[in-house]
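Chemist: Sharing a model prediction with you, sequence too.
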Amino acid sequence: MEKFKVKMVQKQGGLYYPQIETKEVVNVVESVVKRNCLFQRGALIGVLSVVGEEMKRLLNEGYIVEVPGVGKFYPFAIGKGVRKEEADVVPDYKLKIVYRMCK
């Protein structure tokens with residue numbers, strides 16, 4: 001498997017930022033099954049579905065989720081800044097998930 005490629009893309013302010021050139025979507029279950037996995041396709045789908053739902057629940061509750069051999073997922077809030085006197089009211093925000101690969 002080749003490493004990902006990075007290109008530089010101009011964004012606001014005329015500065016250039018690195019951007020990963022992504023490839024097609026890969027179905028992880030099919031990829032694992034093709035590698036002579038001991039588990040059947042249906043069992044893998046079931047396990048991954050349950051793990052995915054639990055990850056979503058934990059991230060929504062503010063936990064950092066670690067998947068051994070994969071990495072860590074961190075919940076992250078993105079919103080507008082407010083003045084100090086308005087800081088006691090939580091403004092509108094979006095929940096983003098940050099992923100860090102394991103070493």
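Modeler: That came through fine. Since we're looking at a predicted model, the values are computed, not measured.
Chemist: from here on, contacts and neighbour counts on C-alpha atoms
Modeler: OK.
Chemist: Name the residues of the longest helix along the chain that come out as buried.
Modeler: Using DSSP state H, we find that the single longest helix of the chain is helix 41-60. Neighbour counts over helix 41-60 (16 or more other Cα atoms under 10 Å) mark 44, 55, 59 as buried.
Chemist: quick one: the first one and residue 69, what's the gap?
Modeler: Distance check for residue 44 against residue 69: by Cα to Cα, to the nearest Å, it reads 17 Å.
Chemist: Closest to residue 15 out of the buried residues of helix 41-60?
Modeler: Checking the buried residues of helix 41-60 against residue 15 by Cα to Cα gives residue 59 as the nearest, at 32.9 Å.
Chemist: check contacts around that closest one.
Modeler: 65, 73-75 (Cα atoms under 8 Å, 6 or more residues apart in numbering).
Chemist: Could you rerun that using 10 Å?
Modeler: Counting by Cα atoms under 10 Å, 6 or more residues apart in numbering, residue 59 touches 53, 65, 73-76, 95-97.
Chemist: Of those, which is the nearest to residue 24?
Modeler: Distances from residue 24 to the contacts of residue 59, taken by Cα to Cα, are shortest for residue 97, at 21.0 Å.
Chemist: returning to that earlier point: for the contacts of residue 59, which two are the farthest from each other?
Modeler: Distance extremes for the contacts of residue 59: the farthest pair is 53 and 76 at 18.2 Å, using Cα to Cα.
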